[in-house]
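*Asks:* Show me the folded form of this:
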Amino acid sequence: MAKQPYRVKDVSLAEEGLKLIEWAESRMPVLLKLREEFEREKPLEGWRIGACLHVTKETAVLVRTLKAGGAEVALCASNPLSTQDAVAAALAMEGVNVYAWRGQTTEEYYQCIEDVLSYRPRITVDDGADLVATIHSKHRELLGHVVGGTEETTTGVIRLRALAREGRLGYPIIAVNDAYTKYLFDNRFGTGQSTLDGILRATSILLAGKTVVVAGYGWCGRGIALRAKGMGANVIVVEANPLRALEALMDGFQIKSMMEAAPLGDLFITATGNTDVIRREHFERMKDGAILANSGHFNVEISVPDLEQLSVSRRTLRPNVEEFKLKDGRRLYLLAEGRLVNLAAAEGHP
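*Replies:* The predicted model follows:
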């Protein structure tokens, strides 16, 4: 097992974290109802769960419920910038083996995954499939030990289905993202609202009258586009799938390629689960002052390396807002390092 029972930024933040969790619990009656059942029946007695999730106040409510069911839980973050440090401290004080803090380096992030796996979990709970991928690449001895898992994101399910197609997925995993309650509500309404929440917290801009380019018209993209439209923005959708593009058109949005949209957008939001959706040739066409945000799980949808190569300087103007000055004097603004803006710059889904 890991040398330390937990690693968090500051355990003195625990009292603040308890209040945040209390607030989340007051808005999560269904999970609390399940907790009552779990406390009576102890269905997870003796089971060890390894979780790689965004360490937020809502996740804390889930972890408390798993513990109420008898489980032992080891938890790490599923993104280096999404941890709420006060919540992590509170969980640590409640006996959760939590390894997470905001602002982790890449090395620290993956070491925390190793810390969780050192507990030899029987069940995995993943967000983005980094925990499962690490088991398959570095800890194959656990494949016969883990009995099953869950994956809750579109991006993670894509990764796992690729493993399954190749015959390399070592144990069964439930694709939570396929549940109606996940994509119809959490993706559409949760991501739709929290993405704009993160952008507005980071930038304090007025959306009304702005041209917002949404890349991807899956359930997350639908929610983002609808809410941006509701706040008065002119929305352009970029979508490679012709049926989804037609749906967006009939929902009242303009449809363009990214090359066509690049010179028009004031704000660009990616939600595709793909790589390099916005890249060099698009940056070269953007107007001065354009803002770039990502709502996909990984920081690969906006090509930060291309942006760095085109720039002569970069500086942080305010928390989660980085200015890249291009050779011709234009300035582009990247939010939250290109990571998922709803958690890095806000608090995730309400």
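
*Asks:* Pull the contacting residues for Ala225.
*Replies:* For Ala225, the residues meeting the contact criterion (CB atoms under 8 Å, 6 or more residues apart in numbering) are Val212, Val214, Tyr217, Val235, Val237, Ala248, Asp251, Phe253. No exception for glycine: its C-beta is placed from N, CA and C like everyone else's.

*Asks:* Now list the buried members of the residues you listed.
*Replies:* Val212, Val214, Tyr217, Val235, Val237, Ala248, Phe253 (16 or more other CB atoms under 10 Å).

*Asks:* Inside helices: which ones of these?
*Replies:* Of the buried ones among the contacts of Ala225, the ones assigned to helices by DSSP state H are Ala248.

*Asks:* Inside strands: which ones of the buried ones among the contacts of Ala225?
*Replies:* In this view, the buried ones among the contacts of Ala225 that belong to strands under DSSP state E are Val212, Val214, Val235, Val237.

*Asks:* Tell me which two in these are the farthest apart.
*Replies:* Between any two of those, the greatest separation by CB to CB is 9.7 Å, found for Val212 and Val237.

*Asks:* tell me the average confidence for stretch 336-345?
*Replies:* Model confidence over stretch 336-345, given as mean pLDDT, is 97.

*Asks:* Next, the residues that contact it from outside, please.
*Replies:* 54, 56, 79-82, 191, 194-195, 197-199, 201-202, 269, 292-302, 304, 319-320, 322, 335, 348-349.

*Asks:* What residues of it count as buried?
*Replies:* Neighbour-count burial for stretch 336-345 flags Ala336, Gly338, Arg339, Leu340, Val341, Asn342, Leu343, Ala344, Ala345 (criterion: 16+ other CB under 10 Å).

*Asks:* Distance check, the fifth one against Lys9.
*Replies:* Spatial separation of Val341 from Lys9 under the definition CB to CB, to the nearest Å is 21 Å.

*Asks:* ranges for the strands of this structure?
*Replies:* For the chain, applying DSSP E gives strands covering 48-53, 72-77, 97-99, 123-126, 148-151, 173-175, 211-215, 234-238, 254-255, 267-270, 291-294, 311-318, 321-326, 331-335.

*Asks:* Restrict the fifth one to CA atoms and write it as CSV.
*Replies:* Meaning strand 148-151. Only the C-alpha atoms of strand 148-151 are listed here, as CSV (Å, rounded to 0.1, in the frame of the first residue of the first chain):
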residue,chain,number,x,y,z
GLY,A,148,-15.4,-5.0,-12.6
GLY,A,149,-15.6,-1.3,-12.8
THR,A,150,-17.5,1.8,-14.1
GLU,A,151,-16.6,4.6,-16.5
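
*Asks:* And it, what does it pack against?
*Replies:* Strand 148-151 sits against strand 123-126, strand 173-175, with contacts defined as 3 or more CB pairs under 8 Å, 6 or more residues apart in numbering; DSSP states H and E.

*Asks:* re the thing from before, which of the contacts of stretch 336-345 count as buried?
*Replies:* 54, 56, 79-82, 191, 194-195, 197-199, 201-202, 269, 292-302, 304, 320, 322, 335, 348-349.

*Asks:* Among those, which are located in helices?
*Replies:* Checking these against DSSP H, those in helices are Ser194, Thr195, Asp197, Gly198, Ile199, Arg201, Ala202, Val304.

*Asks:* Confirm for me that the fourth one is in contact with Ala293.
*Replies:* Yes: the pair Gly198 / Ala293 is scored as a contact, 7.4 Å apart, by CB atoms under 8 Å.

*Asks:* which residues do those two both contact?
*Replies:* Leu335, Ala336, Val341.

*Asks:* List just the nearest of these to Ala88.
*Replies:* Among those, Ala336 lies closest to Ala88 (CB to CB), at 18.8 Å.

*Asks:* How much space separates the nearest residue to that closest one once chain neighbours are set aside from Leu264?
*Replies:* Computed as CB to CB, 6 or more residues apart in numbering, the closest residue to Ala336 that is not its neighbour in sequence is Ala344, at 3.6 Å. With distances defined as CB to CB, the gap from Ala344 to Leu264 amounts to 26 Å.
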